[in-house]
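Asks: After the sequence you'll find the predicted model.
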Amino acid sequence: MTLYIDADACPVKAEAETVATRHKVPMILVANGGLRPPRNPLVTLQIVADGPDVADMWIADRAGKGDVVITADIPLAAKCVAAGALVLRHDGSALTEANIGQQLAMRDLMTDLRAADPFRQGSGKGFTKADRSRFLDALERTLRQAGKTV
């Protein structure tokens, strides 16, 4: 079991490290750069080349059954779910076989709406303490669940 973090814009890296360390699960931060090398022996920093979706492809090529992936990227989540990995967003919500199709469709719809109206502003709500708390609880449960599948 490995915990993969799509780390470039992940607001819960420290929280994920705390939970992974408690469970003694190896964690890999995948990024294009700009992160300090971790001091924790369970945490590895994987720097990938610059370019669109390079970090996502690196994770998708490796994540599988028994692994956990933290990402907000819906296409990456879909690939990981298809490979048997458990996937969480930063707010703790799970992306599963039951909801990934709907999430992909919603992503495509929003992309089309933004393309049709360039003045349309995103509704990006801030990341709250409640989101962080939900993430911690969800990761705790998900790592226990993943541990039972390996």
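Replies: Yes, it's here.
Asks: Could you give the number of residues near residue 62?
Replies: For residue 62, the count of nearby residues is 17 (other CB atoms under 10 Å). (Each C-beta comes from the backbone N, C-alpha and C, glycine too.)
Asks: check which helix or strand covers the residue lying closest to it once chain neighbours are set aside.
Replies: With CB to CB, 6 or more residues apart in numbering as the criterion, residue 62 has its nearest non-adjacent residue at 7.1 Å, and that residue is residue 4. With elements taken from DSSP states H and E, the one containing residue 4 is strand 3-6.
Asks: So in that sheet, which strands flank that strand, and in what orientation?
Replies: strand 27-31 (parallel), strand 68-70 (parallel) (DSSP bridges).
Asks: Lowest mean pLDDT among the helices and strands, pick that one out for the protein.
Replies: Ranking every helix and strand in the chain by mean pLDDT, DSSP states H and E puts helix 100-116 at the bottom, with a mean of 69.
Asks: Rounded mean pLDDT for the following helix or strand past it, please.
Replies: The first helix or strand that comes after helix 100-116 along the chain, using DSSP H and E, is helix 129-149. On average, the pLDDT along helix 129-149 is 91.
Asks: Can you give the contact residues for helix 129-149?
Replies: For helix 129-149, contacts defined as CB atoms under 8 Å, 6 or more residues apart in numbering pick out 1, 3, 11-12, 15-16, 19-20, 23, 25, 65-68, 70, 86, 88, 90-94.
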